[in-house]
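**Student:** Sharing a model that was predicted from the sequence below.
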Amino acid sequence: MTSPSTIPAVQVNHARKSFGDKVVLDDVSVQIMPGEIVSLIGPSGAGKSTLLRCMTLLDHFDAAEFLYGDLEVCQNDAHGKAIYKAEAERAARMRFGIVFQNYNLFPHYTVLKNVMDAPIVVQKRDPGEVEREARELLEKIGLEEHANKVPCELSGGQQQRVAIARALAMHPTVMYFDEATSALDPKLTADMQRLIRELAKEGMAVGIVTHEMGFAKLVSDRIAFLFDGEIAEEGPAEQVIDHPRDPRMQRFLSQAED
């Protein structure tokens with residue numbers, strides 16, 4: 001029997017996506033193993049956001065083999081077109097969490113209710129059990145004393161941690177971070193790095209979309225560099241950042257330093 005740790009938590013094979021005549025993703029393949037942190041980097045318009053949107057089912061690939069663990073989310077038909085099944089999409093949504101750049105908290109809910117809402121409403125779990133878990137999560141991220149506040153009473157960094165707790169409350173196997181450090185100061189960025197590392201140590205697969213090269217190098221196990229809808233270079237974080245082989249990656253890094 002195959003050990004779960006040898007199965008990618010999420011994998012996308014030969015993905016294609018176009019908007020009209022514009023090809024946004026062209027034969028892109030990516031996977032994240034349990035306990036692994038993978039960052040997607042690249043210039044604006046490279047396809048990072050589209051790939052993330054498709055992996056979180058906010059959009060669909062035109063063609064791809066796409067799985068969460070052993071769950072097949074879509075497969076190509078005889079004409080090479082991705083076919084999705086509604087039941088598989090519903091099940092897949094239970095396997096990942098995402099922290100958006102603007103956090104998307106419910107402004108009129110308390111911190112505690114923000115964390116508890118989806119497990120109760122979507123997963124139909126016992127409210128008492130959910131509340132216990134939610135309070136444990138808030139304690140883990142250092143916000144237990146803010147449980148009864150609403151988001152506008154918190155700092156940006158605190159709101160981000162609430163968004164992380166809310167995602168974790170759904171028991172995902174994969175966590176995505178969209179520009180996790182773009183609005184954070186150096187200390188909060190270091191805190192975010194530690195938190196992501198802790199999640200990976202506990203077996204979570206983590207996918208990050210970021211423009212912060214220093215953060216990507218420090219936190220990631222692997223980095224995938226997207227350019228014009230293709231993965232131009234992929235490998236261990238230190239190798240990709242410090243010793244890139246692809247000329248496009250070399251140019252991108254030199255411009256990022258300017």
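**Tutor:** Sure thing, it's come through.

**Student:** In the stretch 51-200 of the chain, what residue spans correspond to helices?
**Tutor:** Secondary structure of the stretch 51-200 of the chain (DSSP state H, counting those that start in this stretch): helices at 86-93, 111-121, 127-140, 156-168, 186-201.

**Student:** beta partners for the closest residue to residue 204 other than its chain neighbours?
**Tutor:** Closest residue in space to residue 204, ignoring its immediate chain neighbours: residue 175 at 5.5 Å, by Cβ to Cβ, 6 or more residues apart in numbering. Every residue, glycine included, has its C-beta placed from N, CA and C. With beta bridges defined as DSSP bridges, residue 175 has these partners: residue 97, residue 206.

**Student:** count of residues packed around residue 175?
**Tutor:** Neighbourhood size, residue 175 [other Cβ atoms under 10 Å]: 23.

**Student:** give me the low-pLDDT residue ranges for the stretch 1-150 of the chain?
**Tutor:** Across the stretch 1-150 of the chain, the ranges flagged by pLDDT under 70 are 1-5.

**Student:** Could you tell me which strands sit next to the helix or strand where residue 231 lies in the sheet, and their orientation?
**Tutor:** In this structure, residue 231 sits in strand 230-236 according to DSSP states H and E. If you go by DSSP bridges, strand 230-236 pairs up with strand 222-227 (antiparallel).

**Student:** Give me the pLDDT for residue 190.
**Tutor:** pLDDT recorded at residue 190 is 85.

**Student:** Can you tell me how far it is from residue 197?
**Tutor:** The gap separating residue 190 from residue 197 is 11 Å, by Cβ to Cβ, to the nearest Å.

**Student:** Hmm, residue 215 and residue 181 touching each other?
**Tutor:** Yes: Residue 181 lies in contact with residue 215 (Cβ atoms under 8 Å); the separation is 5.1 Å.

**Student:** List the buried residues in the strand holding residue 231.
**Tutor:** Buried residues in strand 230-236, counted by 16 or more other Cβ atoms under 10 Å: 230, 231, 232, 233, 234.

**Student:** Out of the residues you listed, flag the one nearest to residue 55.
**Tutor:** Checking these against residue 55 with Cβ to Cβ, the nearest one is residue 231 at 13.7 Å.

**Student:** ok, what's across the strand from the closest one?
**Tutor:** For residue 231, the beta-bridge partners under DSSP bridges are residue 226.

**Student:** I'd say it and residue 30 touch.
**Tutor:** Yes: in this structure residue 231 lies within contact range of residue 30 using Cβ under 8 Å: 6.9 Å.

**Student:** got a list of what residue 179 touches?
**Tutor:** Neighbouring residues of residue 179 by Cβ atoms under 8 Å, 6 or more residues apart in numbering: 101, 209, 210, 211.

**Student:** I misspoke; the intended subject was residue 74.
**Tutor:** The contact partners of residue 74, taken as Cβ under 8 Å, 6+ apart, are 60, 61, 64, 65, 66, 82, 83, 84, 85, 88.

**Student:** Would you check that the fifth one makes contact with residue 15?
**Tutor:** I take that to be residue 66. Yes: using Cβ under 8 Å, residue 66 is in contact with residue 15, at 7.2 Å.

**Student:** hang on, the earlier thing: so which of the contacts of residue 179 would you say is closest to residue 21?
**Tutor:** Of the contacts of residue 179, the one sitting nearest to residue 21 (Cβ to Cβ) turns out to be residue 209, at 25.0 Å.

**Student:** any idea how far that closest one lies from residue 217?
**Tutor:** Distance, residue 209 to residue 217, by Cβ to Cβ: 15 Å.

**Student:** what residues are shared contacts of residue 181 and residue 215?
**Tutor:** The contact lists of residue 181 and residue 215 share 189, 192, where a contact means Cβ under 8 Å, 6+ apart.

**Student:** what sits in contact with each of residue 66 and residue 15?
**Tutor:** When contacts are counted by Cβ under 8 Å, 6+ apart, residue 66 and residue 15 are jointly contacted by residue 54.
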